[in-house]
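Student: Build the 3D model from these lines:
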Amino acid sequence: MGLYEGIKDIANVVLKADNIDLYRHLIELSAQALELQNEINRLNNENMELKKQETWKIGSKDAKNLI
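Tutor: Numbers count the residues shown, from 1 in each chain. Below you'll find the model as predicted:
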């Protein structure tokens, strides 16, 4: 189950319990969780780019050593 599905299931339970304050709190937490997931994705992409750059630099050094 993904983040979205989990939040959706919890929201349905809270709505059935008719607790508006809890529902509002859940919405705030959901927004924070999604922001954190976006940040994780951004950092993963940045990490991959840095690894590519590092590999390229290592490859360039190896090529210079062959000359």
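Student: can we go C-alpha only for contacts and neighbour counts from here?
Tutor: OK.
Student: Grab the most central residue of this protein for me.
Tutor: Centroid-nearest residue in the chain, with CA atoms, centre = their mean: residue 37, separated by 2.5 Å.
Student: Against residue 25, how distant is that one?
Tutor: Distance, residue 37 to residue 25, using CA to CA, to the nearest Å: 18 Å.
Student: where in this structure is pLDDT low?
Tutor: Scanning the chain for pLDDT under 70 picks out the ranges 1, 61-67.
Student: same thing but 90
Tutor: The chain contains residues with pLDDT under 90 at 1-27, 29-30, 53-67.
Student: Would you state the helices of it in chain order?
Tutor: Using DSSP state H, the helices of the chain run over 3-16, 20-66.
Student: Look at residue 26 and say how many residues are nearby.
Tutor: When neighbours are counted by other CA atoms under 10 Å, residue 26 registers 17.
Student: and it, what does it touch?
Tutor: The contact partners of residue 26, taken as CA atoms under 8 Å, 6 or more residues apart in numbering, are residue 11.
Student: if I look at it, how far off is residue 42?
Tutor: Counting by CA to CA, the gap from residue 26 to residue 42 is 24 Å.
Student: related to what we said a few turns ago, OK, contacts around the residue nearest to the centre of the chain?
Tutor: Residue 37 neighbours (CA under 8 Å, 6+ apart): none.
Student: For it, give its distance to residue 53.
Tutor: Separation of residue 37 from residue 53 (CA to CA): 24 Å.
Student: and residue 14, what is it in contact with?
Tutor: Listed by CA under 8 Å, 6+ apart, the contact partners of residue 14 are 20, 22-23.
Student: Narrow those to those that are buried.
Tutor: residue 23 (16 or more other CA atoms under 10 Å).
Student: can you tell me which of the contacts of residue 14 lies nearest to residue 58?
Tutor: Closest approach to residue 58 among these (CA to CA): residue 23, at 52.1 Å.
Student: Quick check: the gap between the nearest residue to that closest one once chain neighbours are set aside and residue 30.
Tutor: Of all residues not flanking residue 23 in the chain, residue 14 sits nearest, at 6.0 Å (CA to CA, 6 or more residues apart in numbering). Using CA to CA, residue 14 is found at 13 Å from residue 30.
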